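**Student:** Sequence first, predicted model second:
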Amino acid sequence: MNEAQAAQNLTGALTGLDGVVCAAILAVLLVIAYVTGRREKDTDEYFLGGRRVPAVVACLSFVATEVSAVTIIAVPAAGFRENWQYLQFFIGSAAARLLVAILFIPVFYRYRCTTIYEFLKHRFGGTTQYAGSVFFFITRLLASGVRLYAACLGVSVILGWSLGASLALFTAVSIAYIAFGGIKAVVWTGAYETAVFYAAGFVVGGYLLWQIQGPLSEAWQTAADAGRLSLFNYGVAEPVPGESWWGTINRFLADPKTLWAATLNAFFVGLCVFGTDQEMMQRLLTVKTRRSSQRAILGTILAALPLVATYLALGTLLFVFYHQHPDLSLPDNSDKILSHFVVHILPTGLKGLVLAAIVLASIDSPLSSLSSSFVTDIYRPLIRRSASEKHYLWVSRAGVVAFGILLAGLAYLCRNLEGILWVAFEILAVTGGSTLGVFLLGLLTKRRCNRGNVVAMTVSAVAMAILLFLGEGKDYIAALGWDWLTALSSQVTIGWSWLIVIGTVVTFVLGYLLGRPPSADEQGQGEGQGGEATAPEGVGR
């Protein structure tokens, strides 16, 4: 690409063709949502799709929700700014999917759960169910706010809109089709979104390969020399003379991106997100049988890994491209690198495809899962117990609207963040262990505990928040000028990727200690409720 072409592209904006391409892709989305989401008569249809969704559709929808805007925007930025070490997390993630298929999914089908927090009610009692749902609201709203911000950041750069305008548009679209069609619209459009994500990644990657000068081996070497191809971080460092054993351990734990930390973190995060998060599990509960649901989550391993690798490769190729063209401008925030490239370099028509992918990533929101958890776990048992299905369906749609507005507000508050790929993980590191710990307590033991679980979950979340602050807030701590806090921060430095592991253990152990063994009657009731023979035909198998 010569300087004249670069200058022309730098002043270029979206054309009518880009608008047509983007509009056509979005129109297909709305048609799918309308066709699949008609005739919702009750909350079973609205939240579970009547359990008639094909497993392959649930699998692809799961992938769309898993990758979302963070993959489209933040993963290329990580590949551009850092390396391929993000892919280490997929090792633990794949192992977590296997355990979720074996351990979690059978009990959710056994109890015919509309939301997975109903399992906590069956296993422990209503108080634990309410606590699990509240923790889900906190975690999902904060993490999804970051994800929505990532998507709207990309769109605002491409279109030249303000962040507020982008948020308003996508919030309105999300509310409109999710409130209308419920989970069936979400699942079927999610499968479509995954196909668009793949198409956009392949198209941008192909164009970058065409534009990069010289043979691919030279580009590969350029990236390798800059450390952009580093995949495994073993955390092995030269010993520091005079360092204590605690200092050595502390230094090892301080890096959240070592292979060991990443794998263990991703395993626990995977258990938490795939097994104890209503947004992800809701998609797997829309298929008819337990076995179909298990096949769906195992299929996501094969569907998600190539997609994540594709967008990491885009970051590497973007690094090589801009290294070869130092005269080209770079964005003020590295998280904008893909959007910046799309606006200034990518040809007309292809811009519309990438824009559509980013828009779809922002639209795939957690509104259905938030509404389902609110109605099933909070509203129906605590606020209005004996209303009609028509009333609950109306409240469900109103919940989509309310959560959509709240989510947009949280996304706007994220506008000064950078490095957004890791922010969502840090949020989950604080609260995820609390939820996962109590689920594992219910699945792996027969311990009876209800209010004690709430204590365990709260203590764990507060402790992890303190550890995260001590580890990541050193600049702020130093600015406070409190010597004792500065000294404590220097002695306790734990990378955020360890926190969900520690939080899970803390919750599990505290819940176990605060609980009691089941009585003979309780054990007999539990076996009667949980036995495979009590599962309805087709649902539990």
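**Tutor:** Sure, I can see it.

**Student:** quick one: the helices in the stretch 351-500 of the chain?
**Tutor:** Counting by DSSP state H, counting those that start in this stretch, one finds helices in the stretch 351-500 of the chain at the ranges 367-373, 389-413, 420-444, 451-472, 474-480, 483-491, 499-514.

**Student:** remind me which residues of the stretch 201-350 of the chain are low pLDDT?
**Tutor:** 230, 233-259 (pLDDT under 70).

**Student:** what's the burial count for the closest residue to Val100 other than its chain neighbours?
**Tutor:** Leaving aside its chain neighbours, Val100 sits nearest to Gly275 (4.2 Å; criterion: CB to CB, 6 or more residues apart in numbering). Glycine gets a C-beta too; all of them are placed from N, C-alpha and C. Gly275 has 26 neighbouring residues, counting by other CB atoms under 10 Å.

**Student:** contacting residues around Gly275?
**Tutor:** By CB atoms under 8 Å, 6 or more residues apart in numbering, Gly275 lies in contact with Ala96, Leu99, Val100, Leu103, Phe104, Ile116, Met281, Leu436, Phe439.

**Student:** Quick one: buried ones out of the residues you listed?
**Tutor:** Buried by 16 or more other CB atoms under 10 Å: Ala96, Val100, Phe104, Ile116, Met281, Leu436, Phe439, out of the contacts of Gly275.

**Student:** The third one and Val20, how far apart?
**Tutor:** For Phe104, the distance to Val20 under the criterion CB to CB, to the nearest Å works out to 44 Å.

**Student:** Give me the pLDDT value at Ala402.
**Tutor:** Ala402 carries a pLDDT score of 89 in this model.

**Student:** Please apply the same query to Ile477.
**Tutor:** Looking at Ile477, the pLDDT reads 61.

**Student:** Make 347 the starting number, not 1.
**Tutor:** With 347 as the first residue, the last one maps to Ile823.

**Student:** Now do the strands in the stretch 397-546 of the chain.
**Tutor:** According to DSSP state E, counting those that start in this stretch, the stretch 397-546 of the chain carries no segments that qualify as strands.

**Student:** Would you agree Ser718 is in contact with Gln628?
**Tutor:** Yes: applying CB atoms under 8 Å, one finds Ser718 in contact with Gln628, separated by 6.4 Å.

**Student:** Need the overlap of contacts for those two.
**Tutor:** Residues touching both Ser718 and Gln628 (CB under 8 Å, 6+ apart) are Phe393, Thr461, Ile529.

**Student:** how about stretch 610-623: buried residues?
**Tutor:** Using 16+ other CB under 10 Å as the test for burial, stretch 610-623 gives 610-623.

**Student:** mind checking how far that stretch is from the chain centre?
**Tutor:** 10 Å (CA atoms, centre = their mean, to the nearest Å).

**Student:** what's the distance between the closest residue in space to His737 that isn't next to it in sequence and Lys736?
**Tutor:** Nearest non-adjacent residue to His737, counting by CB to CB, 6+ apart: Arg730, 7.2 Å away. The gap separating Arg730 from Lys736 is 12 Å, by CB to CB.

**Student:** and if you look at Tyr758?
**Tutor:** The gap separating Tyr758 from Lys736 is 34 Å, by CB to CB.

**Student:** and the two? which has more neighbours close in?
**Tutor:** More neighbours surround Tyr758 than the other of Tyr758 and Lys736, with 17 against 10 (other CB under 10 Å).

**Student:** middle-most residue in the chain, spatially?
**Tutor:** Geometric centre of the chain, nearest residue: Glu412, 5.0 Å, by CA atoms, centre = their mean.

**Student:** Isn't that one up against Ala650?
**Tutor:** Yes: Glu412 is in contact with Ala650 according to CB under 8 Å; the separation is 5.9 Å.

**Student:** List the residues that contact Gly661.
**Tutor:** So Gly661 contacts Val421, Pro422, Ala423, Ala424, Gly425, Phe426, Arg427, Arg574, Ile683, Leu684 (CB under 8 Å, 6+ apart).

**Student:** nearest residue to it other than its sequence neighbours?
**Tutor:** That would be Gly425: by CB to CB, 6+ apart, it lies 2.1 Å from Gly661.

**Student:** The one you found: how many residues sit nearby?
**Tutor:** Gly425 has 28 nearby residues by other CB under 10 Å.

**Student:** Next one: it from Phe614, what distance?
**Tutor:** 24 Å.

**Student:** How about Tyr463?
**Tutor:** Taken as CB to CB, the span from Tyr463 to Phe614 is 19 Å.

**Student:** repeat for Gly857
**Tutor:** Note on Gly857: its distance to Phe614, by CB to CB, is 16 Å.

**Student:** Just the helices from the stretch 347-496 of the chain, written as ranges.
**Tutor:** Counting by DSSP H, counting those that start in this stretch, the helices of the stretch 347-496 of the chain are 349-356, 362-382, 389-394, 401-415, 421-427, 435-445, 451-456, 463-469, 472-505.

**Student:** that older thread, reformat the buried residues of stretch 610-623 as JSON lines; add secondary structure and distance to Thr646.
**Tutor:** Converted to JSON lines, these look like this (DSSP: H, G, I helix; E, B strand; the rest coil; distance: CB to CB, whole Å):
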{"residue": "Leu610", "secondary structure": "helix", "distance to Thr646": "20"}
{"residue": "Asn611", "secondary structure": "helix", "distance to Thr646": "19"}
{"residue": "Ala612", "secondary structure": "helix", "distance to Thr646": "14"}
{"residue": "Phe613", "secondary structure": "helix", "distance to Thr646": "15"}
{"residue": "Phe614", "secondary structure": "helix", "distance to Thr646": "18"}
{"residue": "Val615", "secondary structure": "helix", "distance to Thr646": "15"}
{"residue": "Gly616", "secondary structure": "helix", "distance to Thr646": "11"}
{"residue": "Leu617", "secondary structure": "helix", "distance to Thr646": "14"}
{"residue": "Cys618", "secondary structure": "helix", "distance to Thr646": "16"}
{"residue": "Val619", "secondary structure": "helix", "distance to Thr646": "12"}
{"residue": "Phe620", "secondary structure": "helix", "distance to Thr646": "8"}
{"residue": "Gly621", "secondary structure": "helix", "distance to Thr646": "13"}
{"residue": "Thr622", "secondary structure": "helix", "distance to Thr646": "16"}
{"residue": "Asp623", "secondary structure": "coil", "distance to Thr646": "14"}
